[in-house]
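>>> predicted structure and sequence below. I'll ask about it afterward.
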Amino acid sequence: MNKSSSGDYRNYWLHILAWSLFIAYEVWVVWAMNGTLSTFLNYGVHYALLITWFYFAGDLVFPWTFKNLIFSIWKFPLAVAALFVIFTLANYWIDTLLIHFNLVGKKIEIALNSNYIAKILFRFVYIFGIAVAYFFIKNFIKQKNISLELEKQRLQLIIEDERTKRALSKAYNDFLKAQINPHFLFNTLDYVYHNISVQSPDAADAIMNLSEMMRYAVDSAEQEEFILLSAEMEQVEKLIRLYQLRKNQELNIIVDFNKEAGTLQFVPLILMTLVENIFKHGNVADKEIGVQIYVGIENDNLVMETLNGLNLNSKSDSSKAGLRNVTERLHFAYGEDARCSFEADEQVFRARVEVPVNTIQYESTGKAHLGLALY
């Protein structure tokens, strides 16, 4: 049972208890004063009428009456008169029926005269007063619950705001540390480079290439959303030099970069990821198949294509994360105009990316203009 239904359940039994005590009190008072009791049916019908009238007044009439305080000036007298007429006529009708069928325990006669109306008026006044009190207490509790709920929401917003501030503070500190750590690494690599450049030129060249590639990767996150593709082509050539140094220049790698393609503003680290995927998961030692890396423009499309031998010892899904990241980033930047295909046969793996040049130019210039407009 949830909290709301549990509260309704308690209110339900609270009403039953209150009416039970009220009925018992009235029956006892009448018996104490007159020494007589009526039939169970007489009590049941009259109290059923009383309870129905009570909730009709408290839950329907009074909310309509006090919905607008200005209009309540004329609504309230009208409601009092209507409720009294209903209460009087209903009691008279019930009394007439009970007496007619001899269900009150003794034979009496009634008439809708001043005496009967006066007796009904006395009962109406104090029941009406209880109904008004019930309405205002219920309305007060309702407004209090609304205020408590609003206060709870306000406190929740304050808590969420504090959490957001703490999260932003932590993110800022992490950002500062992320800036400090790479710069410390770059300075260290620079120190090592200068100390071994004379004794081991190849090792020094490898350190310099590695440092520049890492700086490119770090700085690309701080640059614009698009960068010159020629800058990434240059980093790919440095990456290839690193692997050639490790393998004593024995790798069969063919690189074909088109200068016109290098002038395009493109999403960074796409080409780098494709090439890194080759060295990480491909069989680059296969001299017969070798490695082919191509970037050019074909039929007004920018084309990036890599080809390499399959590494049969590699896990089947080992390269999916990086290639999936490439696909997602391209679709985010260029929508469905970006087409990616990754195919493997028994010996060769081929990756191909195609994006219309018009789309690349539109997105890069559009974002730039938008940034200037916002600035």
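Nice, thanks for sending it over.
>>> next, residue 68: phi, psi?
The phi/psi pair for residue 68 (degrees, to the nearest 10) reads phi -130, psi 120.
>>> that one: neighbour count?
A count of neighbours around residue 68, defined by other Cβ atoms under 10 Å, yields 10. The C-beta positions use only the backbone N, C-alpha and C, and glycine is treated the same way.
>>> any idea how far residue 351 is from it?
71 Å (Cβ to Cβ, to the nearest Å).
>>> skipping adjacent residues, who's closest to residue 109 in space?
For residue 109, ignoring the flanking residues on the chain, the nearest one in space by Cβ to Cβ, 6 or more residues apart in numbering is residue 99 at 7.3 Å.
>>> neighbours around the one you found, how many?
With other Cβ under 10 Å as criterion, residue 99 counts 16.
>>> repeat for residue 87
Neighbours of residue 87 (other Cβ under 10 Å): 22.
>>> again with the one 10 residues further on
Other residues near residue 97 number 11, with proximity taken as other Cβ under 10 Å.
>>> what's the answer for residue 240, then?
19.
>>> what residues does whichever strand or helix holds it touch?
Assigned by DSSP states H and E, residue 240 belongs to helix 229-246. For helix 229-246, contacts defined as Cβ atoms under 8 Å, 6 or more residues apart in numbering pick out 202, 205-206, 209-210, 212-213, 216, 250-251, 253, 255, 257, 259, 261-266, 268-272, 275-276, 279, 284, 293, 295, 302.
>>> select only the buried ones of these in PyMOL?
Burial among these is assessed by 16 or more other Cβ atoms under 10 Å; the matching PyMOL selection reads:
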select buried, resi 205+206+209+210+213+216+251+253+257+261+262+264+265+266+268+269+270+271+272+275+279+284+293+295+302
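>>> flag the helix or strand of this protein with the lowest per-element mean pLDDT.
One helix or strand of the chain scores below all others by mean pLDDT, DSSP states H and E: helix 357-374, with a mean of 66.
>>> tell me how far the helix or strand residue 32 falls within lies from the chain's centre.
In the assignment (DSSP H and E), residue 32 maps to helix 3-34. Relative to its chain's centre, helix 3-34 lies at 46 Å (Cα atoms, centre = their mean, to the nearest Å).
>>> give the other helices and strands that that helix contacts.
On a contact count with 3 or more Cβ pairs under 8 Å, 6 or more residues apart in numbering; DSSP states H and E, helix 3-34 meets helix 40-56.
>>> output the helix it packs on in PDB with nothing but the alpha carbons.
Output of helix 40-56 as PDB, limited to C-alpha atoms (Å, rounded to 0.1, in the frame of the first residue of the first chain):
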ATOM      1  CA  PHE A  40     -33.600   0.700  13.900                       C
ATOM      2  CA  LEU A  41     -35.100   1.400  10.500                       C
ATOM      3  CA  ASN A  42     -36.200   4.900  11.600                       C
ATOM      4  CA  TYR A  43     -32.700   5.700  12.800                       C
ATOM      5  CA  GLY A  44     -31.000   4.100   9.800                       C
ATOM      6  CA  VAL A  45     -33.100   6.100   7.200                       C
ATOM      7  CA  HIS A  46     -32.800   9.400   9.000                       C
ATOM      8  CA  TYR A  47     -29.100   9.200   9.600                       C
ATOM      9  CA  ALA A  48     -28.500   8.000   6.000                       C
ATOM     10  CA  LEU A  49     -30.300  11.200   4.900                       C
ATOM     11  CA  LEU A  50     -28.300  13.300   7.300                       C
ATOM     12  CA  ILE A  51     -24.900  11.900   6.300                       C
ATOM     13  CA  THR A  52     -25.800  12.200   2.600                       C
ATOM     14  CA  TRP A  53     -26.900  15.800   3.000                       C
ATOM     15  CA  PHE A  54     -23.800  16.500   5.100                       C
ATOM     16  CA  TYR A  55     -21.300  15.400   2.400                       C
ATOM     17  CA  PHE A  56     -23.500  17.000  -0.300                       C
END
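>>> which parts of that helix are buried?
Neighbour-count burial for helix 40-56 [16+ other Cβ under 10 Å]: 42, 45, 46, 47, 49, 50, 53, 54.
>>> give me the nearest residue to the first one, chain neighbours excluded.
Just to be clear, that refers to residue 42. residue 104 (5.1 Å).
>>> same check on the second one?
Counting by Cβ to Cβ, 6+ apart, residue 45 lies nearest to residue 94, which is 5.6 Å off, once chain neighbours are set aside.
>>> contacting residues around that neighbour?
Counting by Cβ under 8 Å, 6+ apart, residue 94 makes contact with 45, 46, 49.
>>> out of those, who's nearest residue 228?
residue 49 (88.8 Å; Cβ to Cβ).
>>> quick check: the gap between that closest one and residue 127.
From residue 49 to residue 127 the distance is 11 Å (Cβ to Cβ).
>>> show me where the stretch 51-200 of the chain has its helices.
Listed in chain order, the helices of the stretch 51-200 of the chain (DSSP state H, counting those that start in this stretch) span 62-65, 72-100, 114-196.
>>> kindly apply the preceding question to the stretch 251-375 of the chain instead.
Under DSSP H, counting those that start in this stretch, the stretch 251-375 of the chain gives helices at 259-262, 270-281, 320-334, 357-374.
>>> pLDDT value on the spatially most central residue of the chain, please?
In the chain, the C-alpha nearest the mean C-alpha coordinate belongs to residue 160, at 13.4 Å (Cα atoms, centre = their mean). Note for residue 160: predicted pLDDT of 86.
>>> same thing with residue 93?
92.
>>> begin at 45 from now on, thanks
With the count now opening at 45, the last piece we talked about shows up as residue 137.
>>> pLDDT below threshold where in the stretch 245-394 of the chain?
257, 259, 261-268, 358-363 (pLDDT under 70).
>>> give me the contacts around stretch 368-377.
Outside stretch 368-377, the residues touching it (Cβ under 8 Å, 6+ apart) are 269, 270, 311, 314, 317, 318, 382, 384, 397, 399, 407.
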